[in-house]
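> my questions concern the predicted model and sequence given below.
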Amino acid sequence: MTAPVLLAVAHGSRDASAAAATRALLRLVRSLRPELTVRCCFLDLARPSLAHALPELAAQRPILVPLLLGTGYHLRVDLPVALAAFGLPPTHLAPALGPHPLLAEALADRLAEAGAPADAPVVLAGAGSSDTTALADTARMARLLATRLGRPVTPAHLSAAAPTPHRAVADLRAAGHPRVAVAGYLLSPGFFARRAATTAAHWTSAPLGAHPAVARLVLRRYDEARAASALPSAA
């Protein structure tokens, strides 16, 4: 028997470069496991939508892998409701990608690519949320990145919560750190990535995008959900 389809569910954006980044990541996922069928859809603002993709695949009992970095409303409410509507059990929904050490690996690489030196304090710039669980996930990710880098990392939020990356960078500069790096805790380019680049930091890393560690994490989340559902592995 073949493994069930991996249906990656991204947030979606009006920015075409965001969807392009999602598809580039999934091409990398497919290259790591070519025998696995990988499809993608979006929660909002891009096509195909989850509402269109899931009916087409429901008979194949797909595993949904949210391309989300924290456990917010979409993962706790929207996606379980969508699964239930098509008779799929909760075990067919993988956890959010973050927080996870593989994301710390990708974030560290993006910081290095941006030229950030090993001694610069770091602000982790997440998208932000009004959901306290999602905010706690960003704080946990900051601790994982701090462990990876061996230096302090301050969690910050680009919307809906404090501190903002602008405030966090300003506070670090006022505390005597003239050179600060911002790690963009984002999967794709777009509005939030542009906002993250407007702080007074000396270095701002690019979104995680099609990083090999992120691709490995997508497959790990798929495998975890498949195991929880007692589904067959790929032939």
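Cool, the structure landed.

> distance-wise, check the closest residue to residue 23 other than its chain neighbours relative to residue 222.
Counting by Cβ to Cβ, 6 or more residues apart in numbering, residue 23 lies nearest to residue 40, which is 6.7 Å off, once chain neighbours are set aside. Where you see a C-beta, it was placed from the backbone N, CA and C, and this is true even at glycine. In this structure, residue 40 and residue 222 are 13 Å apart, going by Cβ to Cβ, to the nearest Å.

> which of these two has more neighbours?
residue 222 (25 against 20; other Cβ atoms under 10 Å).

> would you list the phi and psi of the more buried one?
Residue 222 adopts backbone torsions of phi -60, psi -50, taken as degrees, to the nearest 10.

> just to check, it is in contact with residue 63?
Yes - when contacts are counted by Cβ atoms under 8 Å, residue 222 is listed as touching residue 63 (5.4 Å).

> mutual contacts of these two, please.
6, 94 (Cβ atoms under 8 Å, 6 or more residues apart in numbering).

> sec struct for the residue nearest to residue 23, please.
strand (DSSP: H, G, I helix; E, B strand; the rest coil).

> which strand residues bridge it?
When bridges are called by DSSP bridges, residue 40 pairs up with residue 8.

> what residue is smack in the middle of the chain?
Residue closest to the average C-alpha location in the chain (Cα atoms, centre = their mean): residue 69, at 3.5 Å.

> and the nearest residue to it once chain neighbours are set aside, how far is that from residue 228?
The shortest distance from residue 69 to any non-neighbouring residue, by Cβ to Cβ, 6+ apart, is to residue 98 (4.0 Å). Distance, residue 98 to residue 228, by Cβ to Cβ: 19 Å.

> show me where the chain has helices.
Secondary structure of the chain (DSSP state H): helices located at 16-32, 50-57, 73, 79-85, 101-113, 132-149, 165-174, 191-196, 212-228.

> just checking the distance from the shortest one to the centre of its chain.
Distance of helix 73 from the chain centroid (Cα atoms, centre = their mean, to the nearest Å) equals 15 Å.

> what lies in contact with the least confident helix or strand in the chain by mean pLDDT?
Ranking every helix and strand in the chain by mean pLDDT, DSSP states H and E puts helix 73 at the bottom, with a mean of 89. Outside helix 73, the residues that touch it by Cβ under 8 Å, 6+ apart are 129, 131.

> go again using 6 Å as the cut-off
Under the contact criterion Cβ atoms under 6 Å, 6 or more residues apart in numbering, helix 73 has outside partners residue 131.

> ok, stretch 125-141 next?
Contacts with stretch 125-141, where a contact means Cβ under 6 Å, 6+ apart, come from 70-73, 98-99, 155-161, 165, 182, 184-185, 192, 196.

> the residue sitting furthest away from the middle of the chain and residue 182, how far apart?
Most distant residue from the mean C-alpha position of the chain: residue 176, 31.8 Å away (Cα atoms, centre = their mean). Applying Cβ to Cβ, the value for residue 176 to residue 182 is 18 Å.

> just checking, the residue nearest to residue 23 touches residue 8?
Yes - in this structure, residue 40 is within contact of residue 8 by Cβ atoms under 6 Å, at 4.5 Å.

> between the two, what contacts are shared?
Here residue 40 and residue 8 have residue 26 as joint contacts, going by Cβ under 6 Å, 6+ apart.

> buried set for stretch 213-230?
Using 16 or more other Cβ atoms under 10 Å as the test for burial, stretch 213-230 gives 213-223, 225-226, 229.

> could you dump the residues you listed into JSON lines and include distance to residue 127 and pLDDT?
Below are the buried residues of stretch 213-230 laid out as JSON lines (distance: Cβ to Cβ, whole Å; pLDDT from 0 to 100):
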{"residue": "213", "distance to residue 127": "19", "pLDDT": "98"}
{"residue": "214", "distance to residue 127": "16", "pLDDT": "98"}
{"residue": "215", "distance to residue 127": "21", "pLDDT": "98"}
{"residue": "216", "distance to residue 127": "22", "pLDDT": "98"}
{"residue": "217", "distance to residue 127": "18", "pLDDT": "98"}
{"residue": "218", "distance to residue 127": "18", "pLDDT": "98"}
{"residue": "219", "distance to residue 127": "23", "pLDDT": "98"}
{"residue": "220", "distance to residue 127": "22", "pLDDT": "98"}
{"residue": "221", "distance to residue 127": "19", "pLDDT": "98"}
{"residue": "222", "distance to residue 127": "23", "pLDDT": "98"}
{"residue": "223", "distance to residue 127": "26", "pLDDT": "97"}
{"residue": "225", "distance to residue 127": "23", "pLDDT": "96"}
{"residue": "226", "distance to residue 127": "28", "pLDDT": "95"}
{"residue": "229", "distance to residue 127": "29", "pLDDT": "87"}
